[in-house]
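# build me a model from this:
(2 chains)
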Amino acid sequence: MRIGVLFSGGKDSTYSLHWAHARGLLVKCLITVEPPSSESWMFHYPNVRLTKLQSLALKIPQVYELCRDIKEESEVEALKKAIAKAIDLYDIEALVTGALLSDYQRMTIEMLCEELNLPVLSPLWRRNQEDYLFELLDLGIEFVITSITVMGLSPKLLGKVITREDVEEIVSCSRKYRFNAAFEGGEAETLVVDSPLFIKRLRVRGRIMREGQYSWRYIISEAELVEK
Amino acid sequence: MILKQCKYIITQDPRRGILADADIRIEGEQIVEIGYGLKGDDVLPCNDKIIIPGFSNCHVHADVCFLNIDLTESRFASEYPLSLIRLERSMSKEIALLSAEALFAESLLRGCTSLVLFTRYPRELQEIAKKVGIRVISGSLVSSMEELRNISNESDTGIYCIYFNELMREGSLNGLRELLQRVKSGRVYVHISETRRAAFEAKKKFGHFPVELLNELGLLTEKTVLVHSGWITSWEIEIVSHSGSSLVYCPSVEMRLATSGFPPLKDLICKGISVGLGTDSLLTGLSLDIVEEARLAILHQRESYKGLVISPKDALDLITISASKLTGMRLGRIQEGYLADLLLIKLKPKFYGNSKRGLVSNIIYRLEYSDIDLIIIGGKLVEISKQRDSILKSINVKLDRLNDLFYTINY
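Model (predicted):
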């Protein structure tokens, strides 16, 4: 089966890409929508452009769609356009998403794919979030946290490759401060820098900036692909 | 009657206790006492038996339940549920009655003591059930606005199975609101959010997902049971949990028709929503065996959640105590005051292993219909093991006749 992966460059869409690959599905393209600002309803914003480098690192072509309007309908329309392009260009037979728990996101994608008559596979949907975080590490998916918007998470986690000890800390904090350990509610955003399917590794440099009482961002100033 | 020294009693009480060597006293239809050393005249020794509540099958399309015709599965699935509705409409009364007789016999053989079924002949099927001695809730099928308009309480049983998507396609919001008032006083089973297309059509036409819309129409009450609902959203689950409505899940249908649907049982149970299981029909599901459906529920949920969710104990709840909340009857539990619908299962090494701890798990995974020795329904004893051969023969005779009748159907 030929598939496209809805790809934001974070841990969830990268995991789903690996899931598809491990099941023998033919990953024909990555599909990414760049929203106009961080106020986006559906998409990651700050590092979305880095998906272009990730696409090169993965040697998988990318369908990249710009959305110029912040309205919810415009974002859905941009996504629909991107998926339709992927169908045209790569003849994809299904879409793979990294939807975890958000039915808003999942159902929005499902509804527009119903119009396009395209099945959707969401391997992470309703999975145990804590188990999933550890599985990411077991699979060799390396990611950094690029933003934090929740009480309890230490800004020291920003910009560094997350280790097993970090995941243990995240899980412990999520239980204490009652947030989703896999950040499904937007508590933090991630960027994958390496994984078994990456031919090259993404090296990023940046600085930590405080934006509010519990809000921090890792501003990436340099990003490049390096040999593994 | 006293069931004496039962080797094990799987009570399904709030503590899910398992009693060893205890007695059960039954008077009339009810269990009146559970204890040790009970005395009486009518005693049934049960020291070689496991006693468990009779199972409930909460959703069967009775008229088509044995339908055996050559149809293209891909076409049937792509047009579902319209394809099912068309076939149901073309079933004759003779087919419905014969199917019901075979269904009741088949259900008893497999330990199912209560059934919720839907048919074009609800009163007639209720009469057959009385004769057979199986507990049946029999409701009418409502698959169009015209059928909804024609509902008359004289000819039906006050229980309805509504194909919500088909009504929604035909009606306006106000039209639906007005007509659905006709069924509001009854118990309403609603086929809803079965497919992605159904969810899409509701969203496109009314701006709401189907269960949201049902709530908007005032039809989500304690007497409402959502059927299938593999495409229910998380916020609709919240609405259902506040409304007191229940849900019937038919895992074999979801898998066989590849609806990609998955009512998330772990979340539904956490929210306090009562869930029962249904076998639907041989046309859409795999068998009419509710224990088989319970096994499939475990497998389907574990595969969908990608984790070891839903235990055999949860699965047993789905076909006993949780199911009883859908029927509104005091069933599914071995406790004083509950109806005496029980299965007496032969004690075999495959069930108890080295302790009673694995008992429920072994029964769910390994029960075969030949393991059921006796059945009690409403206090009446059925010697199922002695009658098994004659029941099987009579089912085959009916299926032969049904196969002849299926040739005459124009579909």
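# if I look at the residue lying closest to residue A:177 once chain neighbours are set aside, how far off is residue A:184?
Nearest residue to residue A:177, sequence neighbours excluded (CB to CB, 6 or more residues apart in numbering or on different chains): residue A:152, at 3.4 Å. Bear in mind the C-beta positions are built from the backbone N, C-alpha and C, glycine included. Per CB to CB, to the nearest Å, residue A:152 is found 16 Å from residue A:184.
# how is the chain divided into domains?
Just so you know, I chose chain A. A:2-121, A:129-226 (automatic domain parsing).
# other chain: chain B
When chain B is cut into domains by automatic domain parsing, you get B:2-53+B:332-384, B:55-327.
# the last one: end-to-end distance?
The first residue of domain B:55-327 is 12 Å away from its last residue (CA to CA, to the nearest Å).
# and that domain, average pLDDT?
In this model, domain B:55-327 carries a mean pLDDT of 92.
# distance from that domain to the middle of the chain?
Offset of domain B:55-327 from its chain centre (CA atoms, centre = their mean, to the nearest Å): 8 Å.
# and for the first one?
Computed by CA atoms, centre = their mean, the chain-centroid distance of domain B:2-53+B:332-384 equals 21 Å.
# and if you look at stretch A:214-228?
For stretch A:214-228, the distance to the chain centre is 15 Å (CA atoms, centre = their mean).
# around chain B, pick out the residues from chain A.
With CB under 8 Å from any CB of the partner chain as the criterion, chain A meets chain B at residues A:101, A:103, A:107, A:110-111, A:114-115, A:119-120, A:123, A:126-128, A:131.
# can you pick the most crowded of those?
Counting neighbours by other CB atoms under 10 Å in any protein chain shown, residue A:110 leads the residues of chain A next to chain B with 24 neighbours.
# need the contact list for the closest residue to that residue other than its chain neighbours.
Nearest residue to residue A:110, sequence neighbours excluded (CB to CB, 6+ apart): residue A:120, at 5.4 Å. Applying CB atoms under 8 Å, 6 or more residues apart in numbering or on different chains, we find residue A:120 in contact with A:94-97, A:106, A:109-110, A:113, B:260.
# looking at those, which are in helices?
A:106, A:109-110, A:113 (DSSP state H).
# quick check, nearest of these to residue B:228?
Ranked by distance to residue B:228 (CB to CB), the ones in helices among the contacts of residue A:120 are led by residue A:110 at 16.4 Å.
# residue contacts, that closest one?
By CB under 8 Å, 6+ apart, the contact set of residue A:110 is A:120, B:196, B:199-200.
# so what pLDDT did the residue nearest to residue A:110 get?
95.
# now it: phi and psi?
phi -120, psi 130 (degrees, to the nearest 10).
# before we move on, what about residue B:140?
The phi/psi pair for residue B:140 (degrees, to the nearest 10) is phi -90, psi 150.
# what's the burial count for the residue lying closest to it once chain neighbours are set aside?
Of all residues not flanking residue B:140 in the chain, residue B:156 sits nearest, at 4.4 Å (CB to CB, 6+ apart). For residue B:156, the tally of surrounding residues (other CB under 10 Å) stands at 19.
# which SS state does residue B:156 fall under?
coil (DSSP: H, G, I helix; E, B strand; the rest coil).
# quick one: it and residue B:121 touch, right?
No: contact criterion CB atoms under 8 Å: residue B:156 and residue B:121 do not qualify, at 10.2 Å.
# ok, which stretches of chain A are helices?
Under DSSP H, chain A gives helices at A:11-22, A:51-58, A:72-90, A:103-115, A:129-138, A:164-177.
# adding mean pLDDT, write the ones you listed out as CSV.
Formatted as CSV, those follow (pLDDT from 0 to 100):
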stretch, mean pLDDT
helix A:11-22, 95
helix A:51-58, 97
helix A:72-90, 92
helix A:103-115, 92
helix A:129-138, 93
helix A:164-177, 93
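# okay if I get those as TSV plus distance to residue B:175?
Converted to TSV, these look like this (distance: least, CB to CB, whole Å):
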stretch	distance to residue B:175
helix A:11-22	43
helix A:51-58	48
helix A:72-90	28
helix A:103-115	24
helix A:129-138	44
helix A:164-177	48
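# and residue A:32, which of those helices is closest to it?
helix A:51-58 (4.8 Å).
# list the contacts of the closest one.
A:7-9, A:14, A:17, A:30, A:32, A:61-62, A:64, A:192, A:197-202, A:223-225.
# state the distance from the closest residue to residue A:20 other than its chain neighbours to chain B.
Residue nearest to residue A:20 in three dimensions, not counting chain neighbours: residue A:96, with 4.8 Å by CB to CB, 6+ apart. Distance, residue A:96 to chain B, using CB to the nearest CB, to the nearest Å: 13 Å.
# hmm, residue A:96 is touching residue A:19, no?
Yes: in this structure, residue A:96 is within contact of residue A:19 by CB under 8 Å, at 7.4 Å.
# more neighbours, the two?
residue A:96 (27 against 19).
# show me what contacts the residue nearest to residue B:264 when sequence neighbours are not counted?
By the measure of CB to CB, 6+ apart, the closest residue to residue B:264 outside its immediate chain neighbours is residue A:126, 5.5 Å from it. For residue A:126, the residues meeting the contact criterion (CB under 8 Å, 6+ apart) are A:100-101, B:264, B:266-267, B:304-305.
# redo that, cut-off 10 Å
A:99-101, A:103, A:106, B:234, B:262, B:264, B:266-267, B:301, B:304-307, B:309 (CB atoms under 10 Å, 6 or more residues apart in numbering or on different chains).
# so which of those residues is the closest to residue B:383?
Among the contacts of residue A:126, and counting by CB to CB, the member closest to residue B:383 is residue B:301, at 36.0 Å.
# the closest one against residue B:295, yeah?
No: using CB atoms under 10 Å, residue B:301 is not in contact with residue B:295, being 11.2 Å away.
# need the residues touching each of the two.
Common neighbours of residue B:301 and residue B:295 are listed as B:251, B:315 (criterion: CB under 10 Å, 6+ apart).
# still on that earlier bit, could you identify which of the domains of chain B is most buried?
Ranked by mean neighbour count, those are led by domain B:55-327 with a mean of 21 (mean count of other CB atoms under 10 Å in any protein chain shown).
# can you put the domains of chain B in a markdown table and add distance to residue A:76?
A markdown table is the format used below for the domains of chain B (distance: least, CB to CB, whole Å):
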| stretch | distance to residue A:76 |
| --- | --- |
| domain B:2-53+B:332-384 | 44 |
| domain B:55-327 | 12 |
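# out of the ones you listed, which is closest to residue A:88?
That would be domain B:55-327 among the domains of chain B, by CB to CB, at 21.8 Å.
# who in chain B is up against chain A?
With CB under 10 Å from any CB of the partner chain as the criterion, chain B comes near chain A at residues B:195-201, B:203-204, B:209, B:231-237, B:258, B:260, B:262, B:264, B:266-267, B:301, B:304-309.
# of these, which belong to helices?
Checking the residues of chain B next to chain A against DSSP H, those in helices are B:196-201, B:203-204, B:234-237, B:266-267, B:301, B:304-305.
# can you tell me which residues contact the closest residue to residue B:202 other than its chain neighbours?
Spatial nearest neighbour of residue B:202, chain neighbours left out: residue B:210 (4.3 Å); criterion: CB to CB, 6+ apart. The contact partners of residue B:210, by CB under 10 Å, 6+ apart, come to B:164-165, B:168, B:190-194, B:198-203, B:226, B:229, B:231-233, B:236.
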